[in-house]
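Colleague: dropping a prediction and its sequence here:
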Amino acid sequence: MKRFLQSVGPAMIVAAVVLGPGSILTSSKVGASFGLIGLPVVICAAGLMIAMVALAGRLGVVYERSICDELSTRLGRPVAIFIGLTLFTLVAFFQSSNNIALVGGVEPLLGESALSVGARAGVLVIVNGLIILSLYLLRHLYRSIENVMKGLMGLMAVAFVINFAVAFLRPRSYEVVPSEQALDWLPLLAMIGTTFSVGGAFYQAYLVREKGWGLGDVKRSLSDSMVSISMLGLITCVILLTSWRVFYGHAEPVSLSSVGDVAMQLEPIFGSAAKVIFCIGILAGAFSSFLVNALIGGTVMSDSLGKGARLEDRWPVHMTALALMVGMVVAIASLAKEGSTVHLITLAQALTVLGIPALAAALIYLGTRKELIGERAVPKAILAFAGLGFFVSCVLASMTASKVYQKLSALM
């Protein structure tokens, strides 16, 4: 186990940020609405994610400069700034859903009572304030983040596997009936976007440099990608299967209107203990995604401006703090309005898909340069799967744009 934990690192951080509360919600909704149809979708998305993370990790160790610096030198600083701004915007919007999901994971633990708007805002201000404070005070930031993310991934795995076991030990008390309602495909697109997250994969190129890996660690980087992202796919499948077993096929389909609602719906079947365990998994996912998600946007934005790409530099920390504050403000504004927050969470997850093509194209561009020869060359198999991922991302972007427009039109 010790050797295993030492063999993984950067990609485990990527897996932890991808497996956030939004991923938990969307995979639960897919399991409840689509059943086992979502299972091969998760597996394929995880396979594409492995290839993209492996490509980014390879670029991080074979190039002497950071990704945005390489793009700036070859294509010009405006291109690098466009990449950084795209990722920062997606991260800031995505961060708002992490804030909302954090509150959603806390409220079911309080029983029937719900936090007031002021109390919710207070919780978010305290949590974000503590995280921003830790950013500026921790000396060995990368090492601390890696250790915490490994622990949170293990906690999520244990929590969701326990619920999975309980779900299959209890027999179904109903017959599966065909649903007459039209299926909402947006959660399925959102689940693909949260599993095949090129934004997270993009950050792998920075993480391997923080780890101190070089050209001699190419094989270790590939192993790290395969093991860590496979764990991401496995946990997502477990959540989907649990939701399928519990919710799919009801004569009256359940409405999972928030991340906390998933836990509340489980209580009549599993009891309060299992609900608490599921909430622990949600909170672990919220905390794991909370900081690293902001770090992705802050680091890449700083690098695109030529202000540094290492966590020991000041600008990445400043930009990360800005991403955290923007996400918090948007979340508090949303919580001040009555009604379900599922629309914001699902739309935030789905909108991550829209930024994927540009990021994937940047990685593939750098991976196909002629000067990458010998041991620095990227294997053709990785490039082929990354190219497939780019094609899939373009299809998803067009589909998601249409679905998001329909959702926003319905809300107006």
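Modeller: Noted; the coordinates are in hand. Numbering: from 1, shown residues only.
Colleague: could you look up the SS state of the closest residue to F82 other than its chain neighbours?
Modeller: Closest residue to F82 apart from its sequence neighbours, by C-beta to C-beta, 6 or more residues apart in numbering: A358 at 7.4 Å. C-beta here means a position set from N, CA and C on the backbone, and glycine is covered the same way. Secondary structure, DSSP: H, G, I helix; E, B strand; the rest coil: A358 is helix.
Colleague: A358 touches I83, doesn't it?
Modeller: Yes - judged on C-beta atoms under 8 Å, A358 makes contact with I83 at a distance of 6.5 Å.
Colleague: these two: which is more packed in?
Modeller: I83 (25 against 17; other C-beta atoms under 10 Å).
Colleague: just the pLDDT for the more buried one.
Modeller: With respect to pLDDT, I83 scores 90.
Colleague: touching, it and S304? I think so.
Modeller: Yes - if you go by C-beta under 8 Å, I83 and S304 touch, sitting 5.9 Å apart.
Colleague: shared neighbours, those two?
Modeller: By the contact definition C-beta atoms under 8 Å, 6 or more residues apart in numbering, I83 and S304 are jointly contacted by C68.
Colleague: secondary structure element for the residue nearest to V326 when sequence neighbours are not counted?
Modeller: Computed as C-beta to C-beta, 6+ apart, the closest residue to V326 that is not its neighbour in sequence is A92, at 4.3 Å. For A92, the element it lies in under DSSP states H and E is helix 77-106.
Colleague: and the helix or strand just after that helix, C-alpha only, in PDB?
Modeller: Downstream of helix 77-106, the next assigned helix or strand under DSSP H and E is helix 117-137. Output of helix 117-137 as PDB, limited to C-alpha atoms (Å, rounded to 0.1, in the frame of the first residue of the first chain):
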ATOM      1  CA  VAL A 117     -29.700  32.300   3.700                       C
ATOM      2  CA  GLY A 118     -27.500  34.200   6.100                       C
ATOM      3  CA  ALA A 119     -26.200  31.000   7.700                       C
ATOM      4  CA  ARG A 120     -25.400  29.500   4.400                       C
ATOM      5  CA  ALA A 121     -23.500  32.600   3.300                       C
ATOM      6  CA  GLY A 122     -21.700  32.600   6.700                       C
ATOM      7  CA  VAL A 123     -20.600  29.000   6.100                       C
ATOM      8  CA  LEU A 124     -19.300  29.800   2.700                       C
ATOM      9  CA  VAL A 125     -17.400  32.900   3.800                       C
ATOM     10  CA  ILE A 126     -15.700  30.900   6.600                       C
ATOM     11  CA  VAL A 127     -14.700  28.000   4.400                       C
ATOM     12  CA  ASN A 128     -13.400  30.200   1.600                       C
ATOM     13  CA  GLY A 129     -11.600  32.400   4.100                       C
ATOM     14  CA  LEU A 130      -9.900  29.500   5.700                       C
ATOM     15  CA  ILE A 131      -8.800  28.000   2.300                       C
ATOM     16  CA  ILE A 132      -7.500  31.400   1.100                       C
ATOM     17  CA  LEU A 133      -5.600  31.800   4.400                       C
ATOM     18  CA  SER A 134      -4.000  28.300   4.000                       C
ATOM     19  CA  LEU A 135      -2.900  29.300   0.400                       C
ATOM     20  CA  TYR A 136      -0.800  32.100   1.800                       C
ATOM     21  CA  LEU A 137       0.500  30.300   4.900                       C
END
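Colleague: any idea of the mean pLDDT in the helix or strand following helix 117-137?
Modeller: Moving toward the C-terminus from helix 117-137, the next helix or strand (DSSP H and E) is helix 141-169. Here helix 141-169 scores 82 as its mean pLDDT.
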